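> for reference, the sequence and a predicted model appear below.
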Amino acid sequence: GMFAKVAAVRIILYQELHFFTTLTGRAVGYAFFGSLMLANSRSWLGAAVGAYLLFVAVAMIFVGVRSSAKLNSLGEGMSESEVIAKFDAHDTDHDGKLARAELTNLCAELGTTLSARELEAALHLLDADQSGTVDKTEFLAWWSGKSWQRSLLSRPGASLPVSAADDVIQMT
């Protein structure tokens, strides 16, 4: 019925506009609007806002690159079973998800200390469904290099079967 149509539209919008849910996507948006404001500014306030948006874009890209580099160093040389064991050991409330503090502790044990901004960027990178936590499926999809989109859209409870998830991914 109606809920199925709303869910289908939501998935399509998420797929089409997902770029802007990422740190890099938002940085590109800030850079675009900042450069427009700076170029078309007729006052000092418009120029200042445009320059500020450009500064924010550069800062977001810098933090995103640093956090991605730190995350990529996690678990080097570890098997999937070792990664799962580490994930489970840091999932202190045993809900199958890592909250902010649990992710911080996991990264620290694996030799990577993240600043508050880098942690925020890491959460945006790892948290494919934007739930505020990183579940085991998301973490393993990221760690193994598999498509986060396929793992998210085809997981139990998702509104699309695996074949439809593959079709959605190929359309993007």
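That came through fine.
> show me what the longest helix that the chain contains is packed up against.
In the chain, assigned by DSSP state H, the helix with the most residues is helix 44-72. If contacts are counted by 3 or more C-beta pairs under 8 Å, 6 or more residues apart in numbering; DSSP states H and E, helix 44-72 sits against helix 23-39, helix 116-126. Bear in mind the C-beta positions are built from the backbone N, C-alpha and C, glycine included.
> and that helix, what's buried?
49-50, 53-54, 57, 60-61, 63-64, 66-68, 70-71 (16 or more other C-beta atoms under 10 Å).
> ok, now stretch 110-125?
110, 112, 114, 118-125.
> closest one of these to Phe3?
Comparing these against Phe3 with C-beta to C-beta picks out His124 as the nearest, at 27.6 Å.
> how close does that closest one sit to Ala59?
14 Å (C-beta to C-beta, to the nearest Å).
> check Asn72 too.
From Asn72 to Ala59 the distance is 20 Å (C-beta to C-beta).
> contacting residues for the residue sitting nearest the centre point of the chain?
By C-alpha atoms, centre = their mean, the mean C-alpha position of the chain lies nearest to Leu125, the distance being 2.5 Å. Residues near Leu125 by C-beta atoms under 8 Å, 6 or more residues apart in numbering: 22-23, 64, 67-68, 71, 142.
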